[in-house]
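[1] Predicted structure and sequence below. I'll ask about it afterward.
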Amino acid sequence: MNKKIAILAGDGIGPEVMVQAQRVLDTIARKFGHTFEYTEGLVGGAAYDVYQDHLPPATIEICNQSDAILFGSVGGPVHLLNEPKWANSEAKSILALRKAFNFNINFRKMALYPEIAALSPLKPALLANGLDVVIFRELIGDIYFGEHILDQKDGERHASDSAEYTESQIRSIAEYAFNVARTRGKKLVSVDKANVLATSKLWRQVVSEVAAKNPDIEHSDMLVDNCAMQIVKNPAQFDVILTANLFGDILSDELSVLSGSVGMMPSASFSASGLALYEPAGGSAPDIANLNIANPIAQILSASLMLAYSFNLLPESQAIDAAVKAAIVAGYRTSDIATGDASEKVVGTKEFTDQVIAALA
Ligand code: IPM
Ligand code: MG
C-alpha cells in the first residue's frame, strides 16, 4: 500500500515526538511492505516564523494532497502568549484546521497499562478490572466556534462567548458514536448540561432520537458535573462517552490522566469527506521541548489510529499498540511514567521509541 501522509509537527514537543512516530511508521512500512510518503507542512508558531500565518495556504494544500494528516501539537510558553507568534496561536492553527476540513467528530481513547497503574491518581481498587473508555467529542461547534467578544460595556471590561449547535451537527457525531458503541460494550453515555443550556437541551433531544433508532445500545444521559465526578468515582461504568466540544475538551483531559500521564492519549478527528487528522490529546508542553524527555506514546498511538481508521491496516495498527505495550512491560519508561520501581529503566523520547521499534522487529 502506498499512502501520502501530511506531517504537521507544530510546536513544543510536537517535532520531536513526530520524528519518533515516523520512525515507527517506517518500521511498519518495511515489515509489512508499504510505502508511506511524508510531506511536512508548517503549522502554529513554527508556521508564523516563516509565513506570519499560523495556518498558511501551503499547509492546507499539503493536507488536501494527502490521504491522512498526522498532527503534533501547537502553542507557546505561557509567559509569551502576548507575542504575535503565540497569541491565539491554537485558535488560528489547530482550531482553524479542524474547521477548514470539517473534522466534526473527535475520538479519544484512554488505555490503562497495569504496569504503571500506580501513577494513576485513582485508588488501585477502582482500576482493578482495567479501564477502556472512549470519548466522542463534537469538534467544530459549541462555544469554541461561536462569536467571541472582548470589549467595554457600561464603563467596564466585558466579554462574551456564544455557543451554538444545529441538529445536524449533533446527529452526525451521535450516529457515528452509536455505531462505534455497537463494536464495543454497546453502552453509551451522552453528557450535557441540559438543566441549564439550550444547546444541551437540543443535544439531548437529538441524541435521544438517534438512540431510539439504535435500540440495541444501552443509552443514558448524564449531566456534565455529575460525569466529572463519576469519572473519578467509578470510571469502570463508562464505555463510550458522547459529548459536546467544550465538555469533551475537559472530560478527555480528565480521562487521559487516569492512565497516569496526559502523554498517553491518542485522538482521531473524522469528517464526512473521509479525510482524517490524528493527534495526541495533550498539548505542546514547551517547557520540556527539545530535552528528549517527552513521552512519544500519544503520538505513536495516533499514528496507529491512522493506520487503522484511514488506511484500514488493522494488523499493522495492532502491531504498534502491542509494541508500545511490550516496551512498557519490559520496564522502559519516559520520566513522566516512571513509578520509581527499581526494575524500571527511565529513558529518553528516542530511546523509548527504540524499544517500541525493537518490539516490532
Ligand atoms: C485539545 C486542545 C485544543 C482544544 C486547544 C489546543 C485549542 O486542548 O485538542 O484538546 O481545546 O481543543
Ligand atoms: Mg484539550
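    It's in. All figures in this text were calculated on a predicted structure; none of them were measured in a lab. Ligands and ions are numbered 1, 2, ... in the order given.
[2] Stretch 260-277 near ligand 1 at all?
    No - Stretch 260-277 stays out of contact with ligand 1 when judged by Cβ under 6 Å from any ligand atom, the minimum separation being 7.1 Å. Yep, even glycine has a C-beta here, placed from its N, CA and C like the rest.
[3] and the longest helix for this structure?
    Counting by DSSP state H, the longest helix found in the chain is helix 14-32.
[4] which of the residues in that one are buried?
    Across helix 14-32, burial judged by 16 or more other Cβ atoms under 10 Å covers 14-25, 27-29.
[5] Likewise for stretch 263-279?
    In stretch 263-279, counting by 16+ other Cβ under 10 Å, buried: 263-271, 275-279.
[6] Please apply the same query to stretch 81-101.
    In stretch 81-101, counting by 16+ other Cβ under 10 Å, buried: K85, W86, S89, E90, K92, S93, I94, L95, L97, R98, K99, F101.
[7] List, out of those, those positioned next to ligand 1.
    Within the buried residues of stretch 81-101, those near ligand 1 by Cβ under 6 Å from any ligand atom are E90, I94, L95.
[8] need the contact list for the residue nearest to the first one when sequence neighbours are not counted.
    Right, E90. With sequence-adjacent residues excluded and distances taken as Cβ to Cβ, 6 or more residues apart in numbering, E90 is closest to G75, at 5.1 Å. Neighbour list for G75: D11, G12, G44, G45, W86, S89, E90, G283, S284, P286 [criterion: Cβ atoms under 8 Å, 6 or more residues apart in numbering].
[9] mind running it again at 6 Å?
    S89, E90, G283, S284 (Cβ atoms under 6 Å, 6 or more residues apart in numbering).
[10] what helix or strand does the residue in the stretch 51-200 of the chain that ligand 1 sits nearest to sit in?
    In the stretch 51-200 of the chain, no residue comes nearer to ligand 1 than E90, which is 3.7 Å away by Cβ to the nearest ligand atom. According to DSSP states H and E, E90 maps onto helix 89-90.
[11] continuing past that helix, what's the next helix or strand?
    Next along from helix 89-90, by DSSP H and E: helix 96-100.
[12] now for that following helix, which elements pack on it?
    Applying 3 or more Cβ pairs under 6 Å, 6 or more residues apart in numbering; DSSP states H and E, one finds that helix 96-100 contacts no other helix or strand.
[13] Hmm, S200 and A194 touching each other?
    Yes - applying Cβ atoms under 6 Å, one finds A194 in contact with S200, separated by 4.2 Å.
[14] which residues touch the spatially closest residue to L131 that is not a sequence neighbour?
    In this structure, L131 finds its nearest non-sequential neighbour in L112, 4.4 Å apart by Cβ to Cβ, 6+ apart. When contacts are counted by Cβ under 6 Å, 6+ apart, L112 touches G130, L131, S259.
[15] Output those residues in a markdown table; the columns should cover distance to ligand 1.
    Below are the contacts of L112 laid out as a markdown table (distance: Cβ to the nearest ligand atom, whole Å):
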| residue | distance to ligand 1 |
| --- | --- |
| G130 | 24 |
| L131 | 20 |
| S259 | 16 |
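[16] Please pick the buried ones from those.
    By 16+ other Cβ under 10 Å, those give L131, S259 as buried.
[17] State the helix or strand in which the residue nearest to M306 when sequence neighbours are not counted lies.
    With Cβ to Cβ, 6+ apart as the measure, Y278 is the residue that lies nearest to M306, at 4.4 Å, once sequence neighbours are left out. Assigned by DSSP H and E, Y278 belongs to strand 276-280.
[18] what does V206 give?
    Residue-wise, V206 maps onto helix 198-212 under DSSP H and E.
[19] Likewise for I293?
    Per DSSP H and E, there is no helix or strand for I293.
[20] Now it: closest residue in space, sequence neighbours ignored.
    S335 is the one closest to I293 (Cβ to Cβ, 6+ apart), at 5.4 Å.
[21] And the one you found, how close does it get to R108?
    Counting by Cβ to Cβ, to the nearest Å, the gap from S335 to R108 is 23 Å.
[22] quick one, which of those two is more surrounded?
    R108 (27 against 15; other Cβ atoms under 10 Å).
[23] Which residues of the protein lie near ligand 1?
    So far as Cβ under 6 Å from any ligand atom goes, the chain lies against ligand 1 at G75, E90, I94, L95, D249, A281.
[24] Mind picking out the helix or strand in this structure with the poorest mean pLDDT?
    helix 124-127 (a mean of 91; mean pLDDT, DSSP states H and E).
[25] Can you give the contact residues for that helix?
    Contacts for helix 124-127 (Cβ under 6 Å, 6+ apart): A117, S120.
[26] Report the buried residues of it.
    L126, L127.
[27] What of stretch 61-81?
    62-63, 66-77.
[28] And for stretch 208-227?
    Neighbour-count burial for stretch 208-227 [16+ other Cβ under 10 Å]: V210, A211, N214, I217, H219, D221, M222, L223, V224, C227.
[29] Using PDB, list the CA coordinates for stretch 156-175.
    The C-alpha trace of stretch 156-175 is given here as PDB (Å, rounded to 0.1, in the frame of the first residue of the first chain):
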ATOM      1  CA  GLU A 156     -16.000  48.400  32.400                       C
ATOM      2  CA  ARG A 157     -14.300  45.500  30.600                       C
ATOM      3  CA  HIS A 158     -16.800  43.000  29.300                       C
ATOM      4  CA  ALA A 159     -16.600  39.600  27.400                       C
ATOM      5  CA  SER A 160     -19.000  37.200  25.800                       C
ATOM      6  CA  ASP A 161     -18.700  33.800  24.100                       C
ATOM      7  CA  SER A 162     -21.700  32.300  22.300                       C
ATOM      8  CA  ALA A 163     -22.400  28.600  22.000                       C
ATOM      9  CA  GLU A 164     -24.400  27.200  19.100                       C
ATOM     10  CA  TYR A 165     -25.400  23.800  17.800                       C
ATOM     11  CA  THR A 166     -27.600  22.700  14.900                       C
ATOM     12  CA  GLU A 167     -29.400  19.400  15.000                       C
ATOM     13  CA  SER A 168     -27.500  18.100  12.000                       C
ATOM     14  CA  GLN A 169     -24.200  18.700  13.800                       C
ATOM     15  CA  ILE A 170     -25.300  16.800  16.800                       C
ATOM     16  CA  ARG A 171     -26.900  13.900  14.800                       C
ATOM     17  CA  SER A 172     -23.700  13.500  12.700                       C
ATOM     18  CA  ILE A 173     -21.500  12.700  15.700                       C
ATOM     19  CA  ALA A 174     -24.300  10.800  17.600                       C
ATOM     20  CA  GLU A 175     -24.800   8.400  14.700                       C
END
